[in-house]
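# sequence and computational prediction follow.
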Amino acid sequence: MAVDLKFVLTGAKRVADSRPMYAQVVVTDDCNLSCSYCDEYSPGAPLVPLETMKARVDKLDELGVLVYDFLGGETLLHPGIAALIAHVKSKRGGSNLATIITNGFLLTKDKIEELNEAGLDFMQVSVDTLEPSGWSDKSLKSILPKLKLLAATAKFQVEIQSVLNEVNLNNYDDFRSTLKDLPFAFGFSIMHGKGGRIAIQGERYLGLLEKYGVFEGVNFYGEHLKEMLRGDFSRPWKCLGGFKFLYVTSAGTVLWCAQQRGAPFNLMTASPARLKENDIHKPCEAGCALGCVRMVSHTLGEPLKTCGSSLRLALGMSKPKKVASALAAAFLIGASASAAVPAARLPAEAFPSAARIMGGAEDPLDSLAIGEEDLKDAVASPPNAARLQTALRSRSALERLGAVREAARPRDVSAVPHLAATLLRLNEPTQIRAAAALALGRIGDAIAVASLAEALHDPSPEVRYAAALSLGRMPNDGVTTRLERVLRTDPSWKARFAAAVGLGRSRKDFAAAPLADALAGDCAWQVRQQAARSLQDLPSPRAIRALTEALRDPEPSVRAAAGTALAGIGGPEHKRAVAEAMSIENDASVRTVLALAARR
């Protein structure tokens, strides 16, 4: 089926509510194969009775799940799988999505037609190598006749999925070339070890990631993967496993994911309040290579950042048998939540999201721009000032928030007075004031400086963060002094972080002193890390001394950032300092980053 409006609108609610969006549901732990890398099967395990599976679907539907992945073991070993798919599609008028993950060996024409009749939306077929190997039974040579049968018979979308590692790395291009004429989408998952931690690293994998992405059209967390493939696990993100993403075992237990047991509990006793308890940072986040959990978490946690990918997927939905999976389809909620539905909230408990704040030296405000073309600006004409003023007087906070975001158009100076008034109106909700500050930064005109400077005294750290971040984009000499004051005195690390971003962007020589002081003494590692990144563009003697001393910072990510900045500044003495730091570094991920930096 095509993703319909009901799915998109219901999915958009999942950005803000406490209900799950996505469930992986095990129908049996038994499997007809025995791939050496897989730890998610038990040979001879019993099938879960069909009525039990239907009851679990009923419960998941009650909780709010819209996307179902059925998996094993081997899913097609379950004789009632087509009936189970039909049961899923009987919910919500069929606007939900159902996927089967399979090795494909048990596919027949009759089975495919049963799944067509049941209303299956997607099938993900796991194929790892060109030829059978001791590592994986799932070879293209073994399964190609089944794939041709799918191409001729299936009415549902099909994706070919591979686990990327040393065995298939060198022939992956040949693998894709062999299948190029089939009307399927392609993707690969990153090999992980027990616990879900990435199990492969090296520059050779980066070329494939650059060439193909992970899933077609869904590459918005590719920078995370690039860093992990280089051994850098320092970029934070928030896992929504056990909350928005559910993994249901064959015993009916809910886990964070297939690799982490977390705090298991019985699905049939679950409630939104119980699931909300898993809306926490998890100790396994660093180095996690479970793409399904990460994509759901990034999409629902960062709808603005993923909007571009979501819109591109929406356009791709019109192409038959050519979309990346139900998981990819679920990301359409990112587009609806950040563009069409003004209810997408700035999360008050962790504003801004850690992944967006601490992602890289680039200004996080750039996440509001989508690719080479700003799709948000392309889909509608700018609101005129009178219409904006009327919308900002609405009694509905959601309508006012939507109006603020709609007005965030580069160089649309007519909106500045109305946004500035909204920013300084302290009886407005925090998220609306913060959105107004970000909108002024995106417009980018110096006439907003005075209002943004006033907002630096706002009682809310979220608003001060947004104001400082936007000031850093302003072409005004007085901005640097204001940002220095924020960096030195603001009690919120978020605001100080934004000031460090802006001071680096300024390229003013006198910005080096406050940044060097922050690198040496700020209590928040996030601020010290960004100060190091910003000092790379201000290579004064003071900056170089501070960066050299930061190679001994107690926080690994700060040491890595300092070494990268020194190497970026260049010069033999700076590279020697990085080499010396590398020789005494105890953290393997930092050594990897320093080694890469030293080779620049």
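Arrived safely. Numbers count the residues shown, from 1 in each chain.

# who's Asp69 bridged to?
The partner list for Asp69 in beta bridges (DSSP bridges) reads Gln24, Thr99.

# in the protein, which helix or strand is least confident?
Across the helices and strands of the chain, mean pLDDT, DSSP states H and E gives its lowest value to helix 375-378, namely a mean of 32.

# let's see the pLDDT reported for Ile109.
One thing to correct before we go on: residue 109 is Lys, not Ile. Among the per-residue scores, Lys109 holds a pLDDT of 94.

# likewise Leu179?
Looking at Leu179, the pLDDT reads 80.

# now swap in Ser470 and tell me
pLDDT, read off for Ser470, is 90.

# for the one 4 residues further on, same thing?
Per-residue confidence (pLDDT) for Met474: 81.

# ok, it - contacts?
441, 444, 446, 448-449, 452 (CB atoms under 8 Å, 6 or more residues apart in numbering). From N, CA and C alone the C-beta is placed, and that goes for glycine too.

# can you rerun that using 7 Å?
446, 449 (CB atoms under 7 Å, 6 or more residues apart in numbering).

# what about it, is that helix, strand or coil?
When classified by DSSP: H, G, I helix; E, B strand; the rest coil, Met474 comes out as coil.

# same thing with Glu166?
Quick answer, by three-state DSSP: Glu166 is coil.

# right, and Tyr479 touches Leu471 too?
For the record, residue 479 is Val, not Tyr. Yes. Val479 is in contact with Leu471 according to CB atoms under 7 Å; the separation is 5.0 Å.

# and the two? Which one has more around it.
The neighbour count for Val479 versus Leu471, taken as other CB atoms under 10 Å, is higher for Leu471 (29 against 24).

# any shared contact partners between Val479 and Leu471?
Residues touching both Val479 and Leu471 (CB under 7 Å, 6+ apart) are Val449.

# phi, psi of the closest residue to Lys91 other than its chain neighbours?
In this structure, Lys91 finds its nearest non-sequential neighbour in Asp61, 4.6 Å apart by CB to CB, 6 or more residues apart in numbering. Asp61 adopts backbone torsions of phi -60, psi -40, taken as degrees, to the nearest 10.

# got it, and the one 10 residues further on?
Per-residue torsions, Leu71: phi -150, psi 180 (degrees, to the nearest 10).

# surely it is in contact with Ile101?
Yes. Between Leu71 and Ile101 there is a contact at 4.2 Å, judged by CB under 7 Å.

# just the CA trace of stretch 544-552, in CSV.
What follows is stretch 544-552, C-alpha atoms only, in CSV (Å, rounded to 0.1, in the frame of the first residue of the first chain):
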residue,chain,number,x,y,z
ILE,A,544,47.4,26.9,20.6
ARG,A,545,48.5,26.8,24.2
ALA,A,546,45.0,26.1,25.4
LEU,A,547,44.5,23.3,22.8
THR,A,548,47.8,21.7,23.7
GLU,A,549,46.9,21.7,27.4
ALA,A,550,43.4,20.3,26.5
LEU,A,551,45.1,17.2,25.2
ARG,A,552,45.2,16.2,28.9
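
# pLDDT of it, averaged?
pLDDT averaged over stretch 544-552 gives 89.

# what do you get for stretch 86-99?
Averaged across stretch 86-99, pLDDT comes to 92.

# low-confidence ranges, the stretch 301-450 of the chain, go.
Within the stretch 301-450 of the chain, the ranges that satisfy pLDDT under 70 run 301-385.

# one more time with 80
301-387, 389, 409-412 (pLDDT under 80).

# before we move on, which element is the residue sitting nearest the centre point of the chain in?
In the chain, the centroid-proximal residue (CA atoms, centre = their mean) is His298; its distance is 2.7 Å. Following DSSP states H and E, one finds His298 within helix 291-301.

# distance between that helix and the chain's centre?
Computed by CA atoms, centre = their mean, to the nearest Å, the chain-centroid distance of helix 291-301 equals 5 Å.

# which strands or helices does that helix pack on?
strand 245-248, helix 326-330 (3 or more CB pairs under 7 Å, 6 or more residues apart in numbering; DSSP states H and E).

# rerun at 8 Å
Here helix 291-301 touches strand 22-26, strand 245-248, helix 303-316, helix 326-330, helix 332-335, going by 3 or more CB pairs under 8 Å, 6 or more residues apart in numbering; DSSP states H and E.
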